[in-house]
Structures are given as structure tokens and as C-alpha cells.
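# What follows is a predicted protein model with its sequence.
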Amino acid sequence: MKVKLAYQLDNELTIKRLGYGTMQLPGPGVWGPAVDEQNAVKVIETVIDHGVNFIDTADAYGPLYANLYLRQALKNRPDSQVVVATKVGFTRQGPGQWTPNGRPEYLRQQVEMNLFSLGLDQLDLLQLHRIDPTIPLADQLGVLAQMQQEGKIKHIGLSQVTVEQLKAAQKIVPIVSVQNRYNLIDRRDEAVLQYAEKHHLAFIPWFPLATGKLTHDSQLTKIAAKYQATPAQIALAWLLQRSDVILPIPGTKSLDHALQNIAAAKLKLSTADFQLLDQLGKQ
Ligand SMILES: NC(=O)c1ccc[n+]([C@@H]2O[C@H](COP(=O)([O-])OP(=O)(O)OC[C@H]3O[C@@H](n4cnc5c(N)ncnc54)[C@H](OP(=O)(O)O)[C@@H]3O)[C@@H](O)[C@H]2O)c1
């Protein structure tokens, strides 16, 4: 099974498909133990040093701290040319408490704050974290389109949407990507993936390791042994082989896990194992 490891986001931006997500790098606050700042920056620097050039973040991660760690790592790796994908429009009140806020003036502020906290002049990919059902979609995407014209955003993407929402958004502004929950054992958004494939949109699966469940699954462990790999690597290799438009962004605060995840791009599952995993994941 031939797997393309690069994805062309546009004429200039070539993404190596196995990326990194910053959500496992919380700052000090009321939402659980913070990661050590030096460790957080080191993890990001290490993934960059090992060839990752696509990093997903959000203003709500940390909150804010994940962007600050990423800014520091990018500053320490000035020639890295990392494609940064960030998000706005989802506010966070505490553990598990998330509320969309798609008021255009808030989205504008958050785009500016992302630029500032990431130390960038332009955001390569700005994703609307959630569509706010209380605000017209045209208003939410309208302000992002304006900021795109102002040069602050290169590309616009969506997160956790249906095919219908995706189609509605495409009538308002060009959309290059969709970020929905998807992994070996959670394929509820298969239709969105198929739409992305058909229309050449990047599909960025969040929870690629099912928040860690896939890292100690017994059936994956059995298959992993054949490849001298880990279950996490098998889960990521499956995603990479599932579709050329999939850009997995596993999250970790661990240097070892980060390196392990990057190495998954080198794994080639046999057709039989790919199909077996495909079936196992549907059970
Ligand atoms: N758009 C959205 O609404 C949305 C929602 C959630 C997440 N996201 C994005 O998706 C990214 C990935 O999601 P996620 O980080 O929440 O979940 P995930 O990647 O599915 O899993 C992360 C969990 O797996 C563990 N892990 C990672 N690599 C491992 C390995 N090789 N071996 C063993 N354990 C491993 C991590 O623990 P350790 O830290 O101990 O390694 C962590 O507990 C996020 O970072 C974020 O960028 C987007």
C-alpha cells in the first residue's frame, strides 16, 4: 500500500502529514497539573528537530500557554518554516467546560491575540473551533474572510462540523481543511472524511490516539509486536494509510512519546493488517 507522506496545502506550503498538537501542554491554572514550561518548549523543539512541520494549537489550549510555548519554540528554531494551525471561537471555563463564542468582534480579537501570542504576522491556517449556533455562520466566517483579506490569515478551516455545515461554509468563504474527531475506534465522521477526500480538503483528525486509549489496546499491541512497534504507532500508521488527506496531530507532553509518534510515519502496514485493523476498529 503506497502512502504519500506529504500534503500540499497550497502552492507554497507542503505539510509533512504526521504533525503535532499542543493540547497536552496546559499552563498553570485551575484545570489540573501544568506541564513544566521548559519541558513543554523542549517537546515542541524536538518534534521540529525531527522533521514535523505542521503544528496544531488553539487560544483555548493552556489556556493561552500552549501558544506561548509554541512561540518560544518557534523563536528558538527560526528557520523551521513550521505551518501553524490555530483556532478561535471556543471558550473554556474549566475542566470539560467549553462554550462556543462566534461573535465577530470576539473572533477578531482572538485572531489578533493568536498572532500576538504566537509571535506571527500571519496565521497559516485559522480554524473556527466550533460554529456558534447563536450567530449567523456568514457573520462568523465573514470576519475571518475580512482578516484574510487584511493578510492576517492565510487559510481558513473548520472544526467539528457536518457535511452540510461544510457545504454551507464553502458558499461563504474558501475552506481548506476540516478538523473533526476521528480515529481507529471512532469513525462517526466518516462522511466528512469522504467529503474532504473528494474535494481535496485536509482532514485533521483530533484525538488520533483516542486520548490515549489506543496506546494500550490489547489487539493493537498484538499487531504492533509484528512490526516491533507500539500500539500508538500502529494507530497513527493506520490513519496515515486510511487517506492521503489525513493529517494526524497526536498530542503528548512526553519527549519519548513524541519521538515514537513521529517514527510511526515510517511504518508500512500490510494490506491484510490494514484491513484487519479497519474491521477491529468498527467493532
Ligand atoms: N478541534 C478540536 O475540537 C480538538 C479537540 C481535541 C483535541 N484537538 C487537537 O488534537 C490533538 C490531539 O488530541 P489529544 O492530544 O487531545 O489526544 P490524542 O493525541 O488522541 O492522545 C493524547 C494522549 O495520548 C497519550 N500519548 C500520546 N502519544 C503516546 C504514545 N506514543 N504512547 C503512549 N501514550 C501516548 C498522551 O499522554 P502523554 O502526554 O503522557 O504522552 C495523552 O494522554 C490535540 O493536541 C489538539 O491539537 C482538537
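Arrived safely, thanks for sending.
# Enumerate the residues of the stretch 151-283 of the chain near the ligand.
Listed as neighbours of the ligand in the stretch 151-283 of the chain under the rule CB under 6 Å from any ligand atom: 159-160, 179, 206-212, 215, 230, 232, 249-254, 257, 260-261. Bear in mind the C-beta positions are built from the backbone N, C-alpha and C, glycine included.
# quick one, what contacts V41?
For V41, the contact set (CB atoms under 8 Å, 6 or more residues apart in numbering) comprises 69, 72-73, 76.
# And the buried ones among the residues of the stretch 151-283 of the chain next to the ligand, selectable in PyMOL?
The PyMOL command for the buried members of these (criterion: 16 or more other CB atoms under 10 Å) is given here:
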select buried, resi 159+160+179+206+207+208+209+210+215+230+232+249+250+251+252+253+257+260+261
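# Just give me the neighbour total for Q72.
By other CB atoms under 10 Å, the residues close to Q72 number 17.
# Is the helix or strand where it lies positioned near the ligand?
Using DSSP states H and E, Q72 sits in helix 65-76. No - residues of helix 65-76 are not located near the ligand by CB under 6 Å from any ligand atom, the shortest gap being 8.3 Å.
# Buried residues, that helix. List them.
Neighbour count says helix 65-76 has 65-74 buried, by 16+ other CB under 10 Å.
# what's the answer for stretch 76-96, then?
Using 16+ other CB under 10 Å as the test for burial, stretch 76-96 gives 82-92.
# try stretch 4-13
Neighbour-count burial for stretch 4-13 flags 7, 9, 13 (criterion: 16+ other CB under 10 Å).
# quick one: terminal-to-terminal distance for that stretch?
Using CA to CA, to the nearest Å, the end-to-end distance of stretch 4-13 comes out at 15 Å.
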